[in-house]
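what shape does this take:
(chains A, B, C and D)
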Number of protein chains: 4
Amino acid sequence: MEYKERKFELPQLIDMSKQSVDGHLELYAGYVKNFNAISAAIEGLLSDPEKNALAIAELRRRHSFEFDGMKLHEYYFSQFEGGPALLTEGSALAQSITRHWGSTENAVKRIIQTGMMRGPGWSILYFNPESGMFHMGFIGEQHQGHFATLPIILALDVWEHAYLLDYGVSGKAKYIDAFFKNLNWSVMEQRFAKATS
Amino acid sequence: MEYKERKFELPQLIDMSKQSVDGHLELYAGYVKNFNAISAAIEGLLSDPEKNALAIAELRRRHSFEFDGMKLHEYYFSQFEGGPALLTEGSALAQSITRHWGSTENAVKRIIQTGMMRGPGWSILYFNPESGMFHMGFIGEQHQGHFATLPIILALDVWEHAYLLDYGVSGKAKYIDAFFKNLNWSVMEQRFAKATS
Amino acid sequence: MEYKERKFELPQLIDMSKQSVDGHLELYAGYVKNFNAISAAIEGLLSDPEKNALAIAELRRRHSFEFDGMKLHEYYFSQFEGGPALLTEGSALAQSITRHWGSTENAVKRIIQTGMMRGPGWSILYFNPESGMFHMGFIGEQHQGHFATLPIILALDVWEHAYLLDYGVSGKAKYIDAFFKNLNWSVMEQRFAKATS
Amino acid sequence: MEYKERKFELPQLIDMSKQSVDGHLELYAGYVKNFNAISAAIEGLLSDPEKNALAIAELRRRHSFEFDGMKLHEYYFSQFEGGPALLTEGSALAQSITRHWGSTENAVKRIIQTGMMRGPGWSILYFNPESGMFHMGFIGEQHQGHFATLPIILALDVWEHAYLLDYGVSGKAKYIDAFFKNLNWSVMEQRFAKATS
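Below you'll find the predicted structure:
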């Protein structure tokens, strides 16, 4: 059983070049490919689990790097499908965020602030259905620091590949601006609806 | 809004001393307390987000260590509630595992093998409802390498505090034996039912 | 070429039980053994570097965990050899620390405070010969966050195995007290002399 | 006491654009600045170490990310100073590498293979003066997995910023080719001489 690369119906993105987005999609495909390759390598080595114990262990330790690289990019690109759309005022997501942080502006500020943290990774808005709380997370690379099991509402990629070509090494803030211009908030509303169902 | 310490209805555990389990529960309480403390510290520092940017960033980066320490221990201890019970033959979980790995023995072998990896952390069995696949993960400490968003079916703690008092520094294998003796598999069946609903 | 386990001339340690220290030495031996095992596994897989690229990569990524586990424990245990001895007043190390942090008490406070940080790891005092500065580091596990290339002056192990048997899950502060009672500061003076030569 | 940005006497680099190198130097400057900023933030918070314990801890945990980002880039750029020069046949470094790995070609192959590993980081050749052994390390980001205290002989940056502008997301191998074309091996010979003195 293998994971398959998803195809995204992307509109023309605002302030993000085709070259940059195409390269980004190529990286996404690499995560799918490498997740499957590690799965296969582990299965092969399990023919002799004693002899291959060290290699199996280290491939396992790395497996989630590829899995999360695959999943987070699927969260990322699907946020652009359908084209830009604002958060619906009075929607369940808007109300819940406002209850939690006072206003949706405050939530966006926290997502941006977390995205501006140093190092390759992700600024992620999680929702915990059990407690009814939102949590902001900074994920190192693809896999370090996830809030275990929590559904993801919004995922902002802040690896260098996300902004370097269009905005240069100091251009992360401009890229994050562009990211928010392209967001289809109805996708996040659907994720929230699913998380609370 | 704060997280509260859960109380577990633990039976007398087989081959795990009261001293060890009491210490373990004390550590769990520490995660709850420290998660809330970091939440409060971030909120305090957000009164001046520019000036306190560095401290806010690093507290955020650490937040999931405490959250996951809390959540994983809740998965861990609740697996013992109700006392030992075998996996129901023919149950949805048993069938699904058998389809995936040939037999439940194979699944248990993988959980053990992953638990025997070096370093403090967790051997975790995840299920991906979208793909219908199980995944084995080794989580460093509490937070490194989670399969993002995936429901957890079984969580085996392999930090030193889980086995040192009862079995000594070389006693991890014996501890894992004891862990499986105490498992109430109906808990895992319920988690699987929820993940697939 | 393999690394060999060092033997330490340990005096009877104050407030640290023989059981705990013997277990700790056993763990040290495990790092030496596993470092050599990973070295051998990599060399074996390099017979076909294309086919085995994934396994080689992940064993390499892990190699320093074992190396640092070996080296840091050598720094740790050798600090007890010869028995307790205070820092010589007016020594080069004492003068340099005083210049940097006002007093040796301040340095000890920082080492303790860093040791009290949450998570398995080390509180380490480094010295940078190029800048003449001391740096305090918290090292996650054995290998995360080292100040690259810097000589180590003092290494305090704060993994659970260092204190759990003698002091319980909440006994880290008491263990650190015991650690300082056993220190032979002439060892640190020699390390500093070597770092500045 | 603060660290200062070093200025490098770089020749015109082969197959690396001025735009890319200038951006890279700007990132280096950011590490120096942020190391000093974290140092200052910790000192400020130490005015009340009890109250600020959490923030101090997390800033300490991060300090080496900035330190290593600074130091590794100094190793990196200084390797280009003076312009390209081959490893001197029969030099102490060449002889020692040949004794260890059969030939310098084998060493270069390992450096390249390690550099091709997935994830932002560094391929680093260390030398252990105590054992007379070379070690290859893959360092995650700037700070994960260093061989503690070991002198660095060669440091190859494989973050995305090192190759994205000139070679695109799939261009790491071409960038590594360019890196080796620009190396002044007399710098590595001097590092080795210092490490063995």
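
hang on, isn't A:D68 packed against A:Q144?
No: using C-beta atoms under 8 Å, A:D68 is not in contact with A:Q144; the gap is 9.2 Å. Yep, even glycine has a C-beta here, placed from its N, CA and C like the rest.

the longest helix seen in chain A: what's the following helix or strand?
Longest helix in chain A by number of residues (criterion: DSSP state H): helix A:18-45. Downstream of helix A:18-45, the first helix or strand assigned by DSSP states H and E is helix A:53-78.

quick one: mean pLDDT for that following helix?
The pLDDT scores in helix A:53-78 average 98.

show residues contacting the next helix-or-strand element following that helix.
Counting by DSSP H and E, the next helix or strand C-terminal to helix A:53-78 is helix A:92-101. Residues from elsewhere that reach helix A:92-101 (C-beta atoms under 8 Å, 6 or more residues apart in numbering or on different chains): A:87-88, A:103-104, A:107, A:110, A:127, A:132-134, A:153, A:185, A:188-189, A:192-193, A:196, B:1.

picking that back up, hmm, the longest helix of chain A in reach of chain D?
Yes: contact of helix A:18-45 with chain D (C-beta under 8 Å from any C-beta of the partner chain) involves A:23-24, A:26-27, A:34.

buried subset of the contacts of helix A:92-101?
Among those, those scoring as buried are A:87, A:104, A:107, A:110, A:127, A:133-134, A:153, A:185, A:188-189, A:192 (criterion: 16 or more other C-beta atoms under 10 Å in any protein chain shown).

quick one, what contacts the residue positioned nearest the centre of chain A?
Chain A has A:L72 as the residue nearest its centroid, 3.1 Å off, counting by C-alpha atoms, centre = their mean. Residues in contact with A:L72 (C-beta under 8 Å, 6+ apart) are A:122, A:124, A:139, A:142, A:152, A:155, A:157, B:148.

ok, what's across the strand from the second one?
What it means is A:I124. Applying DSSP bridges to A:I124 gives these bridge partners: A:G137, A:A155.

that one is in contact with A:G140, isn't it?
No: counting by C-beta under 8 Å, A:I124 does not reach A:G140; the two are 11.5 Å apart.

extract the CA atoms of stretch A:134-141 and return them as CSV.
In CSV, the C-alpha atoms belonging to stretch A:134-141 read as follows (Å, rounded to 0.1, in the frame of the first residue of the first chain):
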residue,chain,number,x,y,z
PHE,A,134,-7.1,26.5,19.7
HIS,A,135,-3.4,26.1,19.9
MET,A,136,-0.6,27.8,17.9
GLY,A,137,2.4,25.6,17.1
PHE,A,138,5.7,26.1,15.5
ILE,A,139,6.8,22.9,13.9
GLY,A,140,10.5,22.5,13.2
GLU,A,141,11.2,21.1,9.7
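
just to revisit the earlier point, helices - which of the contacts of helix A:92-101 land there?
Judged by DSSP H, helices contain the following of the contacts of helix A:92-101: A:104, A:107, A:110, A:185, A:188-189, A:192-193, A:196.

out of those, which one sits closest to D:L10?
A:R110 (40.1 Å; C-beta to C-beta).

now that closest one, nearest residue through space, not along the chain?
Distances taken as C-beta to C-beta, 6 or more residues apart in numbering or on different chains put A:M136 closest to A:R110, at 5.1 Å, once the chain neighbours are dropped.

how deep is the one you found tucked in, by neighbour count?
For A:M136, the neighbour count with other C-beta atoms under 10 Å in any protein chain shown is 20.

quick one: it from D:I111, how far?
In this view, A:M136 and D:I111 are 39 Å apart by C-beta to C-beta, to the nearest Å.

repeat for A:S64
27 Å.

when these two are compared, which one has more neighbours?
Between A:S64 and D:I111, A:S64 has the larger neighbour count (other C-beta under 10 Å), namely 28 against 21.

B:H146 is in contact with the more buried one, correct?
Yes: using C-beta under 8 Å, A:S64 makes contact with B:H146 at a distance of 6.4 Å.

now do the shared contacts for these two.
Common contacts of A:S64 and B:H146 (C-beta under 8 Å, 6+ apart): A:143, B:137.

chain B contacts on chain A?
Checking chain A against chain B by C-beta under 8 Å from any C-beta, the hits are A:1, A:3, A:49, A:53, A:56-57, A:60-61, A:63-65, A:67-68, A:71-72, A:100, A:109, A:113-114, A:117-118, A:131-133, A:135-140, A:143-152.
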